[in-house]
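1. got a predicted structure here, sequence first:
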Amino acid sequence: MEKIGVIGAGSWGTALAMLLNENGNEVTLWSHREEEAERMRRMRECSKLPGIRIPDEVKITSDLEQAVCGKKVLVMVVPSKCMRETAEKLKEYVAPGTYVISAAKGIEEETLFTMTDILEQVLVQADAAVLSGPSHAEEVARLLPTTCVIGAHTEKTARFLQELFMGPMFRVYISSDMLGIELGGALKNVIALAAGIADGMGYGDNAKAALITRGIVEIGRLGIRMGGNPQTFSGLTGIGDLIVTCASMHSRNRRAGILLGRGYTMEEAMKEVNMVVEGVYSAKAAMTLAKKYDTELPIIEQVNQILFEGKDPKKVVADLMLRDSKTENSLIPW
């Protein structure tokens, strides 16, 4: 049994706290708002996971010191835009050698850092890792079968964390490709916005299949240029996560995209979804990375134009369909 602090009491943080408790650990779940922490203690329920009871053994607090001090493992489940700020607040309580796992998916727009980049810069005394994969909180909290990947710098760290999270309904693989894992997790949210836009416009399965397939090409193209392993993008944290995020109504990015396809503005769509839409924050960062690494990302570029330039989605479809003729895979010779 390990003492674990889960930092972030949204749907994903709550689901992971419940999973780690189910695995026999002593878990403290932290919310940044005392009124929310008090409500969760009283109701034993996360507002984003209605009908799912949080076990009494899971401690719930808004006191960061209580959530962090004495914990061997910290799981960071805050929105990507809040990762640096939260890490700064808790760093005085983090003991040397603490395992700190990012379970958030995004890229910091100002620095182009991944989430573990941020953790390693702020929490220099910690051992940073990442948990990612096709894993909607609603299903993990209900103990439905799920598979994820843990990425770490050393196999020793990866295997320790693998055993911590592994359970009868939560299978965990390990990988050394932290960069590839994080890029797949961040960029798939942008493609999921595109898939949702297509759904909102009434397009069918053909369009969805095209977006998923060409979307993973874009993710892999940039990821490999940045140093990620090609096999990562054909695995759970690449195509696997992309499929579930583009296809499921659990996906807040897809839901926001559907609203955009129906004519909502970015601000209206985010307000309606009422949850953090990570793809909006990763979209700009993706285009900055594309320019830095001289990489073509036509779908992600068009999503940016819809989000930030008010481009009509119908014009986007026309522009994508009428691009210059291409060979599907330049590595396959005639």
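-> That came through fine.
2. do you know the pLDDT at the residue nearest the centre of the chain?
-> Nearest to the geometric centre of the chain sits Lys105, at 2.8 Å (Cα atoms, centre = their mean). On pLDDT, Lys105 comes in at 95.
3. so it sits right up against Asn189, yeah?
-> Yes - between Lys105 and Asn189 a contact is recorded at 6.4 Å, counting by Cβ atoms under 8 Å. Backbone N, C-alpha and C define where each C-beta goes, glycine included.
4. what is in contact with these two at once?
-> Jointly contacting Lys105 and Asn189 under the rule Cβ atoms under 8 Å, 6 or more residues apart in numbering are Glu278, Ser282.
5. for the lowest-mean-pLDDT helix or strand in the chain, buried residues please.
-> Scoring the helices and strands of the chain by mean pLDDT, DSSP states H and E places helix 313-321 at the bottom, with a mean of 86. Buried residues in helix 313-321, counted by 16 or more other Cβ atoms under 10 Å: Pro313, Val316, Val317, Leu320.
6. which single one of those residues is nearest to Thr288?
-> Val316 (20.0 Å; Cβ to Cβ).
7. separation between the closest residue to that closest one other than its chain neighbours and Lys315?
-> Spatial nearest neighbour of Val316, excluding adjacent residues (Cβ to Cβ, 6 or more residues apart in numbering): Gln302 at 4.4 Å. Gln302 sits 9 Å away from Lys315, going by Cβ to Cβ, to the nearest Å.
8. what's the neighbour count on the closest residue to Ser102 other than its chain neighbours?
-> Of all residues not flanking Ser102 in the chain, Met115 sits nearest, at 3.9 Å (Cβ to Cβ, 6+ apart). For Met115, the neighbour count with other Cβ atoms under 10 Å is 28.
9. could you check how far Met115 is from Val75?
-> With Cβ to Cβ as the criterion, Met115 and Val75 are 12 Å apart.
10. got it, and Thr146?
-> 15 Å.
11. then Asn189?
-> Asn189 is 20 Å from Val75, by Cβ to Cβ.
12. show me what contacts the residue nearest to Lys81 when sequence neighbours are not counted?
-> Excluding the flanking residues, the one nearest Lys81 by Cβ to Cβ, 6+ apart is Tyr281, at 5.5 Å. With contact set as Cβ under 8 Å, 6+ apart, Tyr281 has these partners: Pro79, Ser80, Lys81, Gly106, Ile107, Glu109.
13. what score does Tyr281 have for pLDDT?
-> 90.
14. now it, what's its secondary structure?
-> The three-state assignment at Tyr281 reads helix, by DSSP: H, G, I helix; E, B strand; the rest coil.
15. that one and Leu307: what is the separation?
-> For Tyr281, the distance to Leu307 - Cβ to Cβ - is 10 Å.
16. now do the shared contacts for the two.
-> Between them, Tyr281 and Leu307 share no contacting residue, judged by Cβ under 8 Å, 6+ apart.
17. can you pull out the strands in the stretch 151-300 of the chain?
-> Here the stretch 151-300 of the chain has its strands, by DSSP state E, counting those that start in this stretch, at 170-175.
18. give me the below-cutoff pLDDT ranges for it.
-> Scanning the stretch 151-300 of the chain for pLDDT under 70 picks out nothing.
19. which parts of the stretch 1-150 of the chain are helices?
-> Per DSSP state H, counting those that start in this stretch, the stretch 1-150 of the chain carries helices over the ranges 11-22, 34-43, 64-68, 83-90, 115-122, 137-141.
20. and Thr146 and Val75? Which one has more around it.
-> Higher neighbour count among Thr146 and Val75: Val75, with 30 against 21, using other Cβ under 10 Å.
21. okay, now Ser47: neighbour count?
-> Neighbours around Ser47, by other Cβ under 10 Å: 13.
22. distance of the closest residue to Thr147 other than its chain neighbours from Asp312?
-> Leaving aside its sequence neighbours, Thr147 sits nearest to Arg171 (Cβ to Cβ, 6+ apart; 4.5 Å). Remark: distance between Arg171 and Asp312 (Cβ to Cβ) = 43 Å.
23. between the two, which is the more surrounded one?
-> Taking other Cβ under 10 Å, Arg171 and Asp312 do not tie; Arg171 has more neighbours (16 against 11).
24. not counting sequence-adjacent ones, nearest residue to Thr98?
-> Thr98's closest residue in space is Ala126 (Cβ to Cβ, 6+ apart), at 4.8 Å.
25. ok, that neighbour - contacts?
-> Going by Cβ under 8 Å, 6+ apart, the list of residues near Ala126 reads Leu74, Val94, Pro96, Gly97, Thr98, Tyr99, Val100, Leu119, Glu120.
26. repeat for Met40
-> So Met40 contacts Ala9, Thr14, Leu29, Ser31, Cys46, Ile54, Ile60 (Cβ under 8 Å, 6+ apart).
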